[in-house]
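Q: how would this look folded up:
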Amino acid sequence: MPKFEKDYNETDYQLIGSQVDAEFGLPGSYDYVRLIVYPTESITNIVRLEDNSPAVFYSTLETLPFNINVTPFFSGNLDTIEERVLGNTNLVINGNFRSGLQYWEDHSTDPYDIAEIDPASQALNLFSDGLIPEGDNPPSFCIFCTNSITNPINLKAGVEYRVQFEFSTDMAEDVYPTVSLKGTCGGANLIQSFTVENGVNTAIFVADGDYPDAVFQINNSVGEEINFLIDNIVVEEYTNVDLFNDFKTYYNDVDNSIYVKPNEIFNQYGLPEGNYKVQLDFLNQVKPSPNAHYEFIIKEISTSRKEVRVKLISQDIGKDDPIISELTNQFNDGTGGYAFKHFLNFGNGEHIPIMNYEFDDKTDGRFNQSIILKLYEPLSGIVPALSTITIEKEILTTQVEEVYYFSDVADVFFGDGLNPDPQENWINPDGENTFENYNELSSSIQNITLQNQISSSDYSYPNVKVNYNEFENHTHFGSAKIKLENFKSKVQKIQNYYGEISESLGTPNAINPFRDSGSVVQIRETLFDKINDEINSFTPYEKFLYFDGQSNSTASAPGVGKNYADSTPVTQQTDKGEAITLNQHDGFEVIYKFSDKRLDGLEGAIESDYVDLFTDKYKVHDKPFFNYSGSIYLSYLMKSMVTDIKGPLNNHNGQQIEGEPLPQGAFHSTDILNNSPTGSEYRRFIFKVSQSYWIPTGDDSGIGYDIDNIETWTAASNEYEILSGSVKTGSNQIFDSSGVYPLTVITESGNPLIGACMPAGELFRINYTSGSFAGEGDDGIIDDGFLSASYIADVKVSFNNPSEAQPFSQLYHTSSTAWVDWFNNAVTQSEQFDTDNINSFENNLPLYIQESSDYGDFKDFLSLQGEQYDIIKNHIDSLGTLHERGYKEDNSPPESTYPLLLDNMGWQAINPFTGDLSETLGQALSSVTSIDKIKNDTWRKTLNNLLYIYKTKGTQNSVTALLNVYGYPSEVLKIQEFGGSTEEQNQIVLTNNPPTSTGVDIDLLRSSGSIGFTERKQKLYRYMLQNKPERTIRTKWWMDDANPNTIEFVYKHKKTTNTQTILESSGSGAETLWDLRLVPSTDGISSSFEFRLNNSETG
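A: Reported below is the predicted structural model:
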């Protein structure tokens, strides 16, 4: 018997058990059977046929041909769709009468005596119970024959038939029964005679006439007792060619059963002898029409591999596209919701059920939507992104049968066996990436960052966690002063190299002014290698001093600080052909090239009027700035012949948030270094910008402290006020009726608040006009007609002014005022610390050596040894940080230990973010927008909150905490809690008594007794009329087939002494038919509605 394979476990199957198997093979349904053959030695790999195609076979009961998409079972090439034509079946089955059979005893006294056989019998024993044929007229038995002839065979003249008898018992050759096919039950008109042999006997005949009541009669001419069991009798219209199907699907029209014969398939395709697993799927492919396909492709896979983003190869899914409704109807299967009947087919026969689906119109916009599918199980690791798939509906439950096939073809071994796995329970916490070579991985990453990851530093210790703010935390045996002096010596050497690189930026190339000479490029590459070697020699303390840039502590050296630039720091509209990335160009790790000549291989100019350099790239209300109100600096190197570069905000189109305007006076910008670009050398540009807090003004301006009432947004407008100082609020309550602007206080929709609107809007809208100029093409040849290219390098976005730092450098120059002041102060503090440090090696020397100047080399050697012992002590001290729980790097465990610590608490540390290597590591070691940093921050928050998440498991609080850990608002998921008290509940909760709290209609939280209720908070949308004509809602009332008879609204009162008309029916004339007015009280605190009906005019 076959084994049924359900796609869900038993518990989950019960939850969705309302879905039942549908009826298979209805005409016009385009259902089909898929048969897959696996070798039992390697059950995950499909058997390959002689032509190396997979042993996947298809059949259908449809008589009309139709196509299905079978691409996933082949190469999955995006450019080729593999189709399979099915249909045109010539089988009409009338057989398999295993139950309800009857026999007819031929006695001379009662030749038509009918006796029923037990319907429950699994086989027909024709001569049991002592029925022994005797005499010259032995008994004969008529199959399918009754008194009323209810089960005859309908034969048609001239049609070729095949009859097949299957007996389960062996018989001696001399007792083979004879089978006669007759036109009627007990009739004399013989159509065909057959001799039944052991096993299976098949005969083919052509009917010589129409016989609607044909029956079989089995005779035994041997006068002795014999037994033989009939397992099956099949009669079918026969053809030896089934035009499109791979195999025959047999259908029993009596009990509507379906069956196939694997031995026919194995024999037809020459499979060798051996054990096989046969899987039968009864499917209906999701498709727009019988001969068209949805060409689905996996665009993105989540790190858990339980969610996939699917798109169509051949077309985009736009707003209101019919595809959305077509797919929704097929997924829901005529029900009100998803029917849980579909699964992904990715080419190995495995079923992964789809648990839910959603059309995503946010990620790529409403006119390029994708489908997000939630899967029941993780997608197999062998399925990469960009794989072609099909979506199938399971009509009947999958059946699997293990068989042994006897064949003349010799047995072969399938599969390669198990590969040795040197590691057990291996978990990759960083997700999965496709394979790339060294150059592909490293091309867009600074060498400093790359070398730090490959070889790290010769003195890099990832498990050391030290707070370097105080000397006693990291210096015990050595000298703090000598550490600082060694660091300064290394920095000066690095800055000398950067100085030589800066000199090379102004070296023109006489041969090609658009490309630096080979000698200059070689010099830069050599200098960058020397810088990398020097940085790789940093100790952990020196690395802190160099890269922190006083972002987290003033103990570090002053510099540019953290780099907030994106992993791709410029606006790259590659789809428009405006920009490309050049790796290892002009001696730099990465260069960004812009042009108004298309750079994507197409001819001609770009379609845009502007070439965008940083447009729409950095917005202060987005990450990583989060409404920061301080100064933000952008610096970069540029080589270009363009002279009309505009920025950092060349127009106010960028002064918007979600399409709503922002105050122009809130944006401030300063050009710190704005050179005239040239095509012969790289020049530096530095811009300083900021966005401010602001509030709407009051009644004097007519705004009424409501942001939505502001109409004039210019810098000179009096309808808003820019806030300065540390207090980010005004003295009056403000409103945001639009609900768009980011406020310092979160309130219910439209409620007043004491606060302000936080900084929002674009920071650097820098571009230049696309025009026709002479320039260089992609091949390096200068030609006319287009401005060739602009090259940008060394992009930094920081909170510190980079003017005192050299190009590509992280720190301020050692000759700058900021550096000198910091270093002198640090040296003074270190000298005092060294004097007081009783643990240092030098302080434990004999006094005459300490005070003598003749032992300098010996003291330096001791300081060197002391620093090595300090690092060992730091390792030991770091073990104690494993138990620390904090939200900052200096009060939490080492980041490399997070997966281990979480695993010990039963939590699998899966990286929830994906990206290539440059996005993971960032452009530089100082990058704050890298995925690696976000991952570690998320794990740190998880570690701090895991006990609470476990403690509240199964409640809304646990889900809310988990969402907060991952940075999502708690409202992103609507959770319902079920449960309650064991006490009898108070059934009288809603009473007519006055509320106990002012302003609350029904205060359930203050109710006494045992009660249960569900609280749901939702945003309340409202419409502000504001006495503006353009906000008046005009609709028809009982005219032009508009027949509304009710108007319902919720009113929220605002203090006013004005009488206001809320609704008015004007009719077709000049008179008002009726109106609804708001009549205020004398003090305006309350109002009442007044309905007035005109008694002289009619509508």
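Q: quick one: the helices in the stretch 501-650 of the chain?
A: 518-535, 540-547 (DSSP state H, counting those that start in this stretch).
Q: The stretch 951-1099 of the chain now?
A: Going by DSSP H, counting those that start in this stretch, the stretch 951-1099 of the chain shows helices at 956-965.
Q: Also the stretch 151-300 of the chain?
A: Using DSSP H, counting those that start in this stretch, helices in the stretch 151-300 of the chain cover 262-268.
Q: Show me the strands paired with the longest strand seen in the chain, marking each as parallel or antiparallel.
A: Longest strand of the chain, by residue count under DSSP state E: strand 388-405. Based on DSSP bridges, the pairing partners of strand 388-405 within the sheet are strand 3-5 (antiparallel), strand 274-285 (antiparallel), strand 296-301 (antiparallel), strand 342-345 (antiparallel).
Q: closest to W822 out of those strands?
A: Among the strands paired with strand 388-405, the nearest to W822 by C-beta to C-beta is strand 296-301 (46.2 Å). For every residue, glycine as well, the C-beta is placed using N, CA and C.
Q: A557 touches W822, doesn't it?
A: Yes. Applying C-beta atoms under 8 Å, one finds A557 in contact with W822, separated by 6.4 Å.
Q: Just want to know which of these two has more residues nearby.
A: Ranked by neighbour count (other C-beta atoms under 10 Å), A557 and W822 place A557 first, with 26 against 20.
Q: Buried ones in stretch 703-716, by neighbour count?
A: By 16 or more other C-beta atoms under 10 Å, the buried positions in stretch 703-716 come out as I703, G704, Y705, D706, I707, D708, N709, I710, W713.
Q: for stretch 743-760, same thing?
A: L743, T744, G750, L753, G755, A756, C757, M758, P759, A760.
Q: pLDDT-wise, what's the bottom of those?
A: Ranked by pLDDT, these bottom out at G750, which scores 60.
Q: pLDDT weak spots in the stretch 651-800 of the chain?
A: Residue ranges of the stretch 651-800 of the chain with pLDDT under 70: 651-654, 699-702, 747-750, 771-788.
Q: Just the CA trace of stretch 1086-1095, in CSV.
A: Output of stretch 1086-1095 as CSV, limited to C-alpha atoms (Å, rounded to 0.1, in the frame of the first residue of the first chain):
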residue,chain,number,x,y,z
SER,A,1086,-19.2,73.3,24.6
SER,A,1087,-21.5,73.3,21.7
SER,A,1088,-24.7,71.7,20.5
PHE,A,1089,-25.9,70.5,17.1
GLU,A,1090,-29.0,72.2,15.6
PHE,A,1091,-30.9,70.7,12.6
ARG,A,1092,-32.9,73.2,10.5
LEU,A,1093,-35.5,72.2,7.9
ASN,A,1094,-36.7,74.7,5.3
ASN,A,1095,-40.5,74.6,5.3
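Q: mean confidence score for it?
A: If you average the pLDDT values across stretch 1086-1095, you get 88.
Q: just stretch 265-280 next, same as before
A: 86.
Q: before we move on, what about stretch 34-44?
A: The pLDDT scores in stretch 34-44 average 77.
Q: correct me, but W1037 touches S1065?
A: Yes. Counting by C-beta under 8 Å, S1065 is a contact partner of W1037 at 5.5 Å.
Q: and of the strands paired with strand 388-405, who's closest to L379?
A: In terms of C-beta to C-beta, the element of the strands paired with strand 388-405 nearest to L379 is strand 296-301, at 6.2 Å.
Q: Find the nearest non-adjacent residue to A793, please.
A: L637 (4.6 Å; C-beta to C-beta, 6 or more residues apart in numbering).
Q: who are the neighbours in contact with that neighbour?
A: Neighbour list for L637: L505, Y682, R683, R684, F685, I792, A793, D794, P807 [criterion: C-beta atoms under 8 Å, 6 or more residues apart in numbering].
Q: beta partners for it?
A: Those that pair with L637 in a beta bridge, by DSSP bridges, are R684, A793.
Q: Distance of K1052 relative to D708?
A: Computed as C-beta to C-beta, to the nearest Å, the K1052 to D708 distance reads 15 Å.
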